[in-house]
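S.K.: Need a 3D model of the sequence below.
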Amino acid sequence: MSDATRLPRIAIAGLGIESSTFSPARTEAPAFHPMRGGEILDRYAAFLGEGTELRGAAEWHPALVGKSLPGGAATAEAFQTLSDEIIERLAAMPELDGLWYDIHGAMTVEGLDDAEAVLLARIRETVGPDVLISTTMDLHGNVSRELAHLSDLITCYRMAPHEDHLETKERGVRNLVERLASGKGRPLKAWVPIPVLLPGEKTSTRIEPAKGVYAQVHDAAAQPGVLDAAIWVGYAWADEPRNRAVTVVTGDDEAAVTAQAERLARAFWQAGPDFDFVAPVGTLDETVAAALASAKHPFFISDSGDNPTAGGAGDVTWTLARLLENREITDAGRTVIYASIPGPAAVETAVAAGVGATVTVTAGAAVDDVHEGPVTFTGVVHSIRHGDRDAEIEVVIRVGGLHVIVTKLRKPYHHEHDFTDLDLAPRAADIVFVKIGYLEPELYEMAADWMMALTPGGVDQDLVRLGHHRIRRPMLPFDAPDFEPDLHARLIPASNLPLTGADE
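M.R.: Residues are numbered from 1 along each chain as shown. Predicted coordinates:
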């Protein structure tokens, strides 16, 4: 087959994690569960599986994709090891036409401020200046000017919670395939940094103003001369100069991409004072009191400060220690679930004792002991489960009516089966505590009512209390909203041209 008639060759690579710089945890290479070759196509089977349109539209060359549960910063060694393997695999491939760079966008690496751009620069150097690169991201990622420059096409989710994550990835791949087929080459990109840094719990697209702001993204992307449009909220729990909201609009018409990027940036900035929490919030005591007084069950409470899917260590015991001391919570006549606390030794003790045995165990605070030390409690082993991808082993220890889920390794609890697999019935519970911020879709559907407890941890919702000192200022909510931001679009040249000017 001649070069004129062959299918385009497209590689796939990327590393993804949300990393809190305020968590003492560190993330090693195995946590990324790196996939290679056909495993990668299986991961994206919804649109790259055998028989799909996109699968047949190109010759696919999967390199390595690694995705980790959010946590602390990745170690320099982990990043180097995984990056080196990506580069080695790409270097061994035939000449490429395109590359899909699938990342999260909030990866912090020890000693680096813009890890995704650092890796992409190495990729660009390896595959050459003429390969078109499409980058897909989480809207809670960060887009430095360098990352936007190194990407030819770039997009992110338009929903939080991220119910459109597969749709977004497919869009990024389709944009790449269609761009290669068109022969048009590199599009223009208009990039606008917005001096706002907010947690996802204040920018959920379930409610206004984010709902209305993000609705404008679809309209912007549909304008003549525009290929794609996106708003990144940014990642609130890392202290790096790149962390802030950003808009990027991609297309072939300079006036159109400029106008739409500025339009979206103004909409986000103007909505700034109205962004608020997606649920009623309160102190732990206030949320517990509301749940105990409520006739609506199950009543969900988010233990938000140690949310492992936002970058928390997952082993902060501050909330659990107080629940164990609260006799209304441990009352045997009430059913309360707490998800969860890591405790390898506690799990080992429970497994050895077996279901029905009474055990005394100690768990938590092995990583993040800033707010509270390990907790020791006595209870009955309710259930044991082996083989979970994240936790490996899970046990439930019942203290009166309080069912504490203890894991060998940390795990998020987002699905009903996460509970029912442990012989727990969350729909029948009085109160369910989950280490999370806004409730993921299945939990949201289950909850008769819910509140978010403003608890301490590596992803504390009180950003000012955390103490950022390296972000660009002025920035909301760290400074008074009495300044006028520069929201004009910066046009970014094609990625095979040098980038000039500051990342501002």
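S.K.: Need the residues that contact the lowest-mean-pLDDT helix or strand in the chain.
M.R.: The weakest-scoring helix or strand in the chain, judged by mean pLDDT, DSSP states H and E, is helix 463-466 (a mean of 90). With CB atoms under 8 Å, 6 or more residues apart in numbering as the test, helix 463-466 has contacts from 22, 197-199, 236-237, 239, 460, 477-478. For glycine as for every other residue, the C-beta is placed from the backbone atoms N, C-alpha and C.
S.K.: among those, which ones are buried?
M.R.: Among the contacts of helix 463-466, those that count as buried by neighbour count (16 or more other CB atoms under 10 Å) are 22, 197-199, 236-237, 239, 460, 477.
S.K.: could you dump the residues you listed to TSV with distance to residue 136?
M.R.: Shown next, in TSV, are these (distance: CB to CB, whole Å):
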residue	distance to residue 136
22	27
197	22
198	22
199	22
236	21
237	22
239	25
460	29
477	29
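S.K.: Would you convert those residues into a markdown table that also reports secondary structure?
M.R.: Converted to a markdown table, these look like this (DSSP: H, G, I helix; E, B strand; the rest coil):
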| residue | secondary structure |
| --- | --- |
| 22 | coil |
| 197 | coil |
| 198 | coil |
| 199 | coil |
| 236 | coil |
| 237 | coil |
| 239 | coil |
| 460 | coil |
| 477 | coil |
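S.K.: Closest one of the residues you listed to residue 280?
M.R.: residue 199 (15.7 Å; CB to CB).
S.K.: tell me the contacts of the closest residue to that closest one other than its chain neighbours?
M.R.: Leaving aside its chain neighbours, residue 199 sits nearest to residue 236 (4.5 Å; criterion: CB to CB, 6 or more residues apart in numbering). For residue 236, the contacting residues are 140, 197-200, 243, 459, 463, by CB under 8 Å, 6+ apart.
S.K.: nearest to residue 451, of those residues?
M.R.: Nearest member of the contacts of residue 236 to residue 451, counting by CB to CB, is residue 199, at 15.9 Å.
S.K.: next structured bit after the host helix or strand of residue 445?
M.R.: Assigned by DSSP states H and E, residue 445 belongs to helix 441-446. For helix 441-446, the succeeding helix or strand toward the C-terminus, using DSSP H and E, is strand 449-453.
S.K.: Report all helices and strands that that following strand contacts.
M.R.: Packing contacts for strand 449-453, counted by 3 or more CB pairs under 8 Å, 6 or more residues apart in numbering; DSSP states H and E, involve strand 281-282, helix 284-293, strand 299-303.
S.K.: Apply 6 Å and report the result again.
M.R.: Packing partners of strand 449-453 (3 or more CB pairs under 6 Å, 6 or more residues apart in numbering; DSSP states H and E): helix 284-293, strand 299-303.
S.K.: just to revisit the earlier point, adding pLDDT and distance to residue 423 as columns, could you present the contacts of helix 463-466 in TSV?
M.R.: Formatted as TSV, those follow (pLDDT from 0 to 100; distance: CB to CB, whole Å):
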residue	pLDDT	distance to residue 423
22	92	35
197	97	42
198	96	39
199	95	34
236	96	36
237	96	34
239	96	42
460	94	33
477	94	43
478	95	46
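S.K.: With distance to residue 360 as extra columns, can I get the residues you listed in a markdown table?
M.R.: As requested, the contacts of helix 463-466 are exported to a markdown table (distance: CB to CB, whole Å):
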| residue | distance to residue 360 |
| --- | --- |
| 22 | 32 |
| 197 | 44 |
| 198 | 43 |
| 199 | 37 |
| 236 | 38 |
| 237 | 35 |
| 239 | 40 |
| 460 | 31 |
| 477 | 44 |
| 478 | 45 |
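S.K.: Specify which member of these is nearest to residue 38.
M.R.: residue 237 (34.9 Å).
S.K.: what residues are up against the closest one?
M.R.: By CB atoms under 6 Å, 6 or more residues apart in numbering, the contact set of residue 237 is 20, 22, 311, 459.
S.K.: quick one, strands of the stretch 51-200 of the chain?
M.R.: 59-67, 71-74, 98-102, 132-137, 153-156, 188-194 (DSSP state E, counting those that start in this stretch).
S.K.: List the pairing partners of the first one within its sheet, with orientation.
M.R.: Paired neighbours of strand 59-67 in the sheet (DSSP bridges): strand 9-16 (parallel), strand 35-36 (antiparallel).
S.K.: how far is that strand from where the chain is centred?
M.R.: Here strand 59-67 is found 20 Å from its chain centre; the criterion is CA atoms, centre = their mean, to the nearest Å.
S.K.: show me what contacts the nearest residue to residue 388 once chain neighbours are set aside?
M.R.: With CB to CB, 6+ apart as the criterion, residue 388 has its nearest non-adjacent residue at 5.8 Å, and that residue is residue 394. Contacts for residue 394 (CB under 6 Å, 6+ apart) come out as 385, 388, 407.
S.K.: so which of those comes closest to residue 322?
M.R.: Nearest to residue 322 among the contacts of residue 394, with distances taken as CB to CB, is residue 407, at 20.0 Å.
S.K.: Now that closest one: closest residue in space, sequence neighbours ignored.
M.R.: Counting by CB to CB, 6+ apart, the residue nearest residue 407 is residue 391, at 3.9 Å.
S.K.: Correct me if wrong: that neighbour contacts residue 410.
M.R.: No - the pair residue 391 and residue 410 fails to qualify as a contact (CB atoms under 6 Å) at a distance of 7.3 Å.
S.K.: C-terminal to the longest strand seen in the chain, what's the next element?
M.R.: Counting residues, the longest strand in the chain under DSSP state E turns out to be strand 375-388. Scanning forward in sequence from strand 375-388 by DSSP H and E, the next helix or strand is strand 392-399.
S.K.: the inter-axis angle of that next one versus strand 375-388?
M.R.: Orientation check (axes from the mean of the first three to the mean of the last three CA atoms, to 10 degrees): strand 392-399 against strand 375-388 gives 140 degrees.
S.K.: Within the sheet, what are the partner strands of strand 392-399, with directions?
M.R.: Short version: by DSSP bridges, strand 392-399 pairs with strand 375-388 (antiparallel), strand 402-407 (antiparallel).
S.K.: Between the strands of the stretch 51-200 of the chain, which one is closest to residue 425.
M.R.: Of the strands of the stretch 51-200 of the chain, nearest to residue 425 by CB to CB is strand 71-74, at 29.7 Å.
S.K.: and that closest one, what's its mean pLDDT?
M.R.: The average pLDDT within strand 71-74 is 94.
S.K.: Tell me how far the residue nearest to residue 199 lies from residue 142.
M.R.: 10 Å (CB to CB, to the nearest Å).
S.K.: thinking again about what came up before, of the contacts of residue 394, which is the nearest to residue 57?
M.R.: Among the contacts of residue 394, and counting by CB to CB, the member closest to residue 57 is residue 388, at 36.3 Å.
S.K.: Let me know how buried residue 296 is, in neighbour terms.
M.R.: Using other CB atoms under 10 Å, residue 296 has 11 neighbouring residues.
S.K.: Since that was my last question, I'll sign off now.
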